[in-house]
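S.K.: Quick one, what's the 3D model for this:
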Amino acid sequence: MKTSHFRTCILVCNGILRLSEIPRPRRVGRVVFFRADFLMSVEVHNFGISDPFANDTSQFSVGGSSTHLIHIRNQQRNGRKSVTTVQGLDKALDLKKMVRALKKELNCNGTVIEDADYGSVIQLQGDQRHAVKEFLEREAICLGEQIRIHGA
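M.R.: This next block holds a predicted model:
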């Protein structure tokens with residue numbers, strides 16, 4: 001299971017992941033991303049009714065609950081120009097750092113817009129819907145089933 005840097009910090013603070021198990025950072029341009037490829041429980045929390053050897057991943061889901069959706073849309077501007085918007089990302093993520101990495105990887109411009117109704121929304125130039133989905137899955141920011149691509 002892969003987690004983001006933020007989730008790795010939470011797992012270390014809660015005692016689920018040891019500091020010695022944190023992998024080295026991986027560089028993409030100037031932005032550093034961390035990955036944790038496995039989880040190891042330090043102690044047994046509950047040997048109650050549930051089976052301790054069952055594959056229960058609900059407690060340690062990567063992108064939060066499965067009902068939390070990330071919406072990726074493409075909006076036509078004028079002519080062939082379009083804007084890709086990403087909304088519904090976790091508020092704890094550093095969106096400016098994410099936009100910086102997306103801009104460098106996708107060779108486009110982008111920004112973070114604060115909207116009263118939708119919260120923080122990432123805007124990228126061009127039709128980048130599928131590339132953004134691959135980026136979010138690869139960097140373990142969310143799961144594939146949490147992403148909805150509109151207008152595909």
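S.K.: ok so residue 105 is a helix residue?
M.R.: Yes: under DSSP: H, G, I helix; E, B strand; the rest coil, residue 105 sits within a helix.
S.K.: so it touches residue 134, yeah?
M.R.: No: the criterion here is Cβ atoms under 8 Å, and residue 105 misses it with residue 134 at 9.7 Å. Placement of C-beta: from N, CA and C, glycine included.
S.K.: Looking at these two, which is more packed in?
M.R.: residue 105 (17 against 13; other Cβ atoms under 10 Å).
S.K.: what about the more buried one, distance to residue 117?
M.R.: 29 Å (Cβ to Cβ, to the nearest Å).
S.K.: how's the protein carved up into domains?
M.R.: According to automatic domain parsing, the chain comprises the domains 1-43, 70-149.
S.K.: what's the span of the last one, first residue to last?
M.R.: The stretch domain 70-149 measures 9 Å between its terminal residues, going by Cα to Cα, to the nearest Å.
S.K.: do the same with stretch 134-142
M.R.: End-to-end distance of stretch 134-142 (Cα to Cα): 10 Å.
S.K.: low-scoring stretches of this structure, by residue?
M.R.: Scanning the chain with the threshold set as pLDDT under 70 gives 1-67, 152.
S.K.: Show me where it has its helices.
M.R.: 5-13, 95-106, 129-138 (DSSP state H).
S.K.: could you dump the ones you listed to TSV with distance to residue 77?
M.R.: Formatted as TSV, those follow (distance: least, Cβ to Cβ, whole Å):
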stretch	distance to residue 77
helix 5-13	33
helix 95-106	17
helix 129-138	15
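S.K.: Which one of those helices lies nearest to residue 122?
M.R.: Of all the helices of the chain, it is helix 95-106 that lies closest to residue 122, at 5.8 Å by Cβ to Cβ.
S.K.: Which neighbouring elements make contact with that closest one?
M.R.: strand 26-28, strand 31-33, strand 110-115, strand 119-125, helix 129-138 (3 or more Cβ pairs under 8 Å, 6 or more residues apart in numbering; DSSP states H and E).
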